[in-house]
Each structure stands twice: as C-alpha cells, then as structure tokens.
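Colleague: have a look at this fold, sequence not included:
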C-alpha cells in the first residue's frame with residue numbers, strides 16, 4: 001500500500017521536481033564514489049607503508065663478545081665441564097605390586113612400591 005502511494009506521488013511530480021531529485025541523487029552518488037576512491041587510496045598508502053617497513057633493514061642487536069671478565073672465563077669453563085661430566089643418578093625401578101586376592105591392585109601398595117626418601121638417603 002505504501003509503495004503504491006509513493007509511486008503515485010512520484011508520477012504527480014512535475015519536470016522541475018524530478019530533475020531536482022535526480023540532481024540530488026547524482027550528488028550523493030558522486031560523494032559516495034569520492035569517499036570510496038579516498039578510502040582505496042588510504043588503503044593503498046597503508047599497504048605501501050607496511051611493505052616498506054617489511055623490506056627496510058632492521059639493525060640487529062649487537063651482543064658483547066665477552067660478557068664477563070677474561071679472568072673469569074676460564075674458571076667458568078672448568079665448572080661447566082665438571083657439571084657436564086657428572087653422571088646422572090638412575091631412577092630406581094618400582095617394585096612389583098602384589099595383587100589382592102580379589103584380583104585388583106591395592107592403591108596403597110602402589111604407593112609403597114616406590115622407595116621412600118629415607119631409603120634413598122641411606123644408600124648414599
């Protein structure tokens with residue numbers, strides 16, 4: 001119903017009014033096109049700046065060749081070699097957990113299968 005009423009009003013417009021509405025429509029179209037062109041130029045400029053930053057050589061951080069005094073370097077090297085040379089202690093194997101008569105494992109016996117701290121200290 002509303003569209004019928006609007007179409008009837010448009011048909012009743014005279015020539016000057018339709019030209020005026022077309023001129024306004026053209027102006028809006030030009031504004032939208034100008035805004036679209038401006039947005040595209042801004043996007044292209046941004047992409048150019050990003051590409052320029054990516055290709056720009058970034059200076060690498062320079063690290064000191066000797067971060068500690070020369071007199072300490074040999075002492076530190078000896079300590080590092082000693083630490084690397086020490087063998088790691090093997091982990092003790094867990095004991096076999098006996099099953100209950102019902103065929104299920106007792107959770108407390110699982111904990112008991114691992115050596116306690118007092119046992120490992122006494123071995124050393």
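Modeller: Perfect, I can see it now. The structure presented is a predicted model; accordingly, all values stated were derived computationally and were not measured. Residues are numbered from 1 along each chain as shown.

Colleague: pLDDT below threshold where in the protein?
Modeller: 58-59, 62-67, 84-88, 90-91, 94-124 (pLDDT under 70).

Colleague: all helices of the protein, in order?
Modeller: Assigned by DSSP state H, the helices in the chain fall at 2-11, 15-55, 70-85, 107-112, 117-123.

Colleague: so which of the ones you listed gets nearest residue 93?
Modeller: Among these, the nearest to residue 93 by CB to CB is helix 117-123 (12.8 Å). Every C-beta, even on glycine, is put in place using the N, C-alpha and C of the backbone.

Colleague: that older thread, now the helices of the chain as a markdown table including distance to residue 92?
Modeller: Below are those laid out as a markdown table (distance: least, CB to CB, whole Å):
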| stretch | distance to residue 92 |
| --- | --- |
| helix 2-11 | 88 |
| helix 15-55 | 56 |
| helix 70-85 | 23 |
| helix 107-112 | 14 |
| helix 117-123 | 7 |
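
Colleague: now render the ones you listed as CSV, adding mean neighbour count.
Modeller: Formatted as CSV, the helices of the chain follow (neighbours: other CB atoms under 10 Å):
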stretch, mean neighbour count
helix 2-11, 9
helix 15-55, 10
helix 70-85, 9
helix 107-112, 11
helix 117-123, 9
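
Colleague: show me what contacts residue 61?
Modeller: Counting by CB atoms under 8 Å, 6 or more residues apart in numbering, residue 61 touches no other residue.
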